[in-house]
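A.B. asks: Give me the fold of what follows.
(2 chains)
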Amino acid sequence: MLDQVKPNLLEIKNLRIEATSYPPGEAPRKVVLVDDVSVSVEQGRVLGLIGESGAGKSTIGLSAMGFARGGARLAGGQILLNGRDIRSGGPSDLRSLRGREVTYVAQSAAAAFNPAKRLMEQVIEASLHHKLMTRAEAEALAVELFRKLGLPNPETFGSRYPHQVSGGQLQRAMTAMALCPKPDLVVFDEPTTALDVTTQIDVLVAIKAAIRDTGVAALYITHDLAVVAQVADDIIVLRGGKKVEYGTTDQIINAPQQAYTQALVSVRSIDHVEKADTASVLSVANITARYRGTNFDVLKNVTVDLSAGQTLAVVGESGSGKSTLARVITGLLPAAQGRITFAGRALSPDLASRSKDDLRELQMIYQMADTAMNPRQTVGTIIGRPLEFYFGLKGEAKRKRIQELLEEIEMGAGFIDRYPAELSGGQKQRVCIARALAAKPKLIICDEVTSALDPLVADGILKLLLSLQAREGVAYLFITHDLATVKAIADKIAVMYRGQIVRYGSKTDVLTPPFDDYTDLLLSSVPEMKLGWLEEVLASRKMESGGN
Amino acid sequence: MHPVVKLVTQRLALGLLLMLAVSALIFFGVEALPGDTAQAMLGQSATPEALANLREKMGLNEPVLWRYGHWLYGFLTGDMGVALTNGEDIAKSVGARLGNTLFLAFWAALISVPLAILLGLLAARYNGRWPDRLISGVTLATISLPEFVAGYLVLYFLAVKLQLLPAMSMVFPGMGVFERLQAIMLPVIVLVMVVLAHMMRMTRAAILNVMQSDYIETAKLKGLSPLTVIWRHAFPNAIAPVVNVVMLNLAYLVVGVVVVEVVFVYPGMGQYLVDHVTKRDLPVVQACGMIFAAVYIGLNILADVVSILANPRLRHPK
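C.D. replies: Residues are numbered from 1 along each chain as shown, chains lettered A, B, ... in the order given. This is a model prediction of the structure:
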């Protein structure tokens, strides 16, 4: 028998994708989203696409389905699927390919499922639409996939509505939906990014096993190199729509050639020396809190202490009570029981009865810088507001102080008249930091301030926060679910689980074994940038994650 | 208790409460007018003795709250009193008129609601392209035309020029259904023209709003055709806003069509009410007010209930 050269399942050659942007008041501009990218995927192999937001990863992934979001268009190159150029066909050819030969798993399964329809109906829809199997066959296959993906009660799971199951389960159901029509290729678009770290690992395992068992080929899109290292055979690193580096996973992780790839591999390597305890700036004692109209304690007997100029990191999964703790400290949610002492004086539980100094010295920075700023105010107005409100600064004095603050956040005075829409994600967060800093606070509560940012940008923000702390002596209460961030910035750590502090102490103490079961689970779930990490960690885990 | 049952019960209770408040407003509002029923019946030249006698006879000397209770009780038991002008039983004459109005409203709704939703779906499907512009333009034109102008235009072309349909929509007891339908064809056409645009535009806007969702992209990436995506995935999530506008228009079809009735000489509630307002026949005005309020409140509660039932989060709690 002759060896036959099997054509690649997916062959993208010199792909170019363009869009037209319409800046207000200016002539329309052509924007190149993807420029001269070539990749190929063999049957049963997984190609990882990695890069920051705006790198063109999703755009390339969707182009494999002949789909372009918004006003984007495929402007050049070839996309060969099973040897056939998908650009040569019309809309109905594309429709017969989508959901049959190529399927898609979206980042946020919670938003990608239709809330008005039962899961089963949606999972088997493509199989029925393309007449690939009968309803009974499709349902049987779906149940089998539910079982394979580790979903609870696979027989009845499909009769639920999306809002009745958790985020991690939805992400697995979405994978089942993508595999149900037995496609040749699945595009995974950041399938675990929106999940908690302990849930991510389970979904990752399920996806990996499903890919292996079904022999399907996949494009795996993510911004997290450590994650993609666990599932991909090959990796392409993208930046600004261009290829940076393309090779096997082993090559990219262990011997990156390009400076950008090297930076990605070594991200989160901030050195931070733990600071010794000094006078306490914030002391939270035995706080218990619940939301109005419920009788469930969101916080149970929480006690933490934070010294001036230090950083206390509060870590935990979503729903563990981290952000509620911030709401209690800021007075947005008055505590049911317990005491808060701030800068040597007792803080009244609710916001309305706090003094102006209490308000000024306790500032907050939020996760979504976008929604934390008024889009119709300039950077100058945003930062100037606390200067006016707390210090009564006006006119030239105010403008001078705003410029100083902009220098402090390494942005320069030129930004003073810009609007938030004209800033990048990292710059927006910097403006929010400047606004908090403007009040000359003693404590800033940072609620997941780097979660929405790309790794390298997040690194920049963390470095800025650390240098500001060294200069101004401000303390941070740093709320995050990301342990790498914690390692980079914390002096003290409090691990929260279901409203309680399960581990608390200096960074070294908290991160040194022996661990309690939950801290072990949390720490071991953080993907590490090495091959085979996923298998290792599964073998050594003490505790199952919460069934998400 | 299941949250849907609880919410629906709450809405119904709220509706009843609202109805009670409206009845008080109608009764005491009329009560506050200068003069009373006896004065109205006997006129300016009545002698004080005659007035006193009539007031005694009609129970007008009883305390006002007692009379309110009596009136409300009568209303609930189907006794709306007698008209001042002709002494007829109000319940009987209103009944016939209400039947006519509902008949007209029913057929206008039966045509306009599905048509508006269909046009809305099509406009959303071809958003920004010529079918969308054509549909939006035409419906905007028909809603901008005052009802009586539309009525006369339709009369002129369909009844006078082409002589397809009768110009007058006279209906009377004992008429066959088919004849009745033929008689109301012209007012139905005018009413459809009036209510179409509002419902169609809401459907279009609600669908386009839902089309921004991630799950629409999921549906497109399954290879479904655009109309299937809209019908199967977008429309079920756009029901709530559409239903609210549909119900407002249905209420309008029942209570607001006096101009169309006048143009086509159709014996409906609107004409009846206006006739008796001009004659200061207060018991009839009160009765009509109560019926219109009941229709409005009832349809809005229905809209609320449908919106609640259309929400899977309420229908299937965690």
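A.B. asks: A:Leu522 touches A:Val197, doesn't it?
C.D. replies: Yes. Applying CB atoms under 8 Å, one finds A:Leu522 in contact with A:Val197, separated by 6.8 Å. C-beta: built from backbone N, CA, C; applies to glycine.
A.B. asks: Quick check: neighbours shared by these two?
C.D. replies: Here A:Leu522 and A:Val197 have A:317, A:483 as joint contacts, going by CB atoms under 8 Å, 6 or more residues apart in numbering or on different chains.
A.B. asks: So between those two, which is more surrounded?
C.D. replies: A:Leu522 (27 against 21; other CB atoms under 10 Å in any protein chain shown).
A.B. asks: what kind of secondary structure is the residue nearest to A:Leu347 when sequence neighbours are not counted in?
C.D. replies: Nearest non-adjacent residue to A:Leu347, counting by CB to CB, 6 or more residues apart in numbering or on different chains: A:Ile340, 4.3 Å away. Under DSSP: H, G, I helix; E, B strand; the rest coil, A:Ile340 falls in the strand class.
A.B. asks: and if you look at B:Glu62?
C.D. replies: The assignment at B:Glu62 comes out as coil when based on three-state DSSP.
A.B. asks: A strand includes A:Tyr220, no?
C.D. replies: Yes. Assessed with three-state DSSP, A:Tyr220 lies in a strand.
A.B. asks: Model confidence score at the spatially most central residue of chain B, please.
C.D. replies: Geometric centre of chain B, nearest residue: B:Ala251, 2.1 Å, by CA atoms, centre = their mean. Listed pLDDT for B:Ala251 reads 92.
A.B. asks: Could you pull up the residues touching it?
C.D. replies: B:295-296, B:299-300.
A.B. asks: got the contact list for residue 46?
C.D. replies: Just so you know, I chose chain A. A:Val46 sits next to A:211, A:217-220, A:231-234 when contact means CB under 8 Å, 6+ apart.
A.B. asks: let's do chain B instead
C.D. replies: By CB under 8 Å, 6+ apart, the residues touching B:Ala46 are B:38-39.
A.B. asks: Which of the three states applies to it?
C.D. replies: What three-state DSSP gives for B:Ala46 is coil.
A.B. asks: now it: how far from chain A?
C.D. replies: Distance, B:Ala46 to chain A, by CB to the nearest CB, to the nearest Å: 62 Å.
A.B. asks: now the contacts of A:Val46 in CSV, with pLDDT?
C.D. replies: Converted to CSV, these look like this (pLDDT from 0 to 100):
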residue, pLDDT
A:Ile211, 88
A:Ala217, 93
A:Ala218, 93
A:Leu219, 94
A:Tyr220, 94
A:Val231, 90
A:Ala232, 92
A:Asp233, 92
A:Asp234, 93
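A.B. asks: still on that earlier bit, make a ChimeraX selection of the buried ones in the contacts of B:Ala251.
C.D. replies: The buried residues among the contacts of B:Ala251 can be selected in ChimeraX (16 or more other CB atoms under 10 Å in any protein chain shown) with this line:
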select /B:295,296,299,300
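A.B. asks: what is the mean pLDDT for the strand or helix carrying B:Ala96?
C.D. replies: Assigned by DSSP states H and E, B:Ala96 belongs to helix B:90-125. Averaging pLDDT along helix B:90-125 gives 92.
A.B. asks: Just checking it against chain A, any contact.
C.D. replies: No. Helix B:90-125 lies out of reach of chain A by CB under 8 Å from any CB of the partner chain, never closer than 13.3 Å.
A.B. asks: Give me the buried stretch members for that helix, please.
C.D. replies: Of all the residues in helix B:90-125, those buried under the rule 16+ other CB under 10 Å are B:90-91, B:93-94, B:97-98, B:100-105, B:107-109, B:111-113, B:115-117, B:119-125.
A.B. asks: Of the contacts of B:Ala251, which is the nearest to A:Phe415?
C.D. replies: Taking CB to CB as the measure, B:Asn300 is the one of the contacts of B:Ala251 closest to A:Phe415, at 50.9 Å.
A.B. asks: Are we agreed that that closest one is in a helix?
C.D. replies: Yes. With three-state DSSP as the criterion, B:Asn300 is part of a helix.
A.B. asks: I'd like to know how far it sits from chain A.
C.D. replies: Relative to chain A, B:Asn300 is positioned 23 Å away (CB to the nearest CB).
A.B. asks: OK, contacts around the closest residue to that residue other than its chain neighbours?
C.D. replies: Nearest residue to B:Asn300, sequence neighbours excluded (CB to CB, 6+ apart): B:Met247, at 6.0 Å. Counting by CB under 8 Å, 6+ apart, B:Met247 touches B:299-300, B:302-303.
A.B. asks: Figure out the helix or strand that B:Met247 lives in.
C.D. replies: Element membership for B:Met247, per DSSP H and E: helix B:239-255.
A.B. asks: Kindly export the helix or strand following that helix (C-alpha atoms) in PDB.
C.D. replies: Counting by DSSP H and E, the element after helix B:239-255 in chain order, helix or strand, is helix B:258-263. Taking C-alpha atoms only, helix B:258-263 is exported to PDB below (Å, rounded to 0.1, in the frame of the first residue of the first chain):
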ATOM      1  CA  VAL B 258     -64.700  56.800  18.400                       C
ATOM      2  CA  VAL B 259     -63.500  58.700  15.300                       C
ATOM      3  CA  VAL B 260     -63.500  55.600  13.200                       C
ATOM      4  CA  GLU B 261     -67.000  54.700  14.500                       C
ATOM      5  CA  VAL B 262     -68.300  58.100  13.500                       C
ATOM      6  CA  VAL B 263     -66.800  58.000  10.100                       C
END
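A.B. asks: Just the mean pLDDT for helix B:258-263, thanks.
C.D. replies: On average, helix B:258-263 scores 89.
A.B. asks: chain center to it, what's the gap?
C.D. replies: When distances are taken as CA atoms, centre = their mean, to the nearest Å, helix B:258-263 is centred 14 Å away from the chain's centroid.
A.B. asks: all strands of the stretch 151-300 of chain A, in order?
C.D. replies: Applying DSSP state E, counting those that start in this stretch to the stretch 151-300 of chain A gives strands spanning A:185-189, A:217-222, A:234-239, A:242-248, A:280-289, A:299-307.
A.B. asks: Quick one: closest of these to A:Ala436.
C.D. replies: strand A:280-289 (15.1 Å).
A.B. asks: pLDDT below threshold where in the chain?
C.D. replies: All of this refers to chain A. A:1-7, A:23-24, A:267-271, A:542-548 (pLDDT under 70).
A.B. asks: actually chain B
C.D. replies: Under the criterion pLDDT under 70, no range of chain B is flagged.
A.B. asks: For it, what lies in contact range of chain A?
C.D. replies: Chain B comes close to chain A at residues B:213-215, B:217-225, B:228, B:233, B:236-237, B:310, B:312-313, B:316, B:318, as judged by CB under 8 Å from any CB.
A.B. asks: Out of these, which end up buried?
C.D. replies: Buried members of the residues of chain B next to chain A, counted by 16+ other CB under 10 Å: B:213-215, B:217-224, B:228, B:233, B:237, B:310, B:312, B:316.
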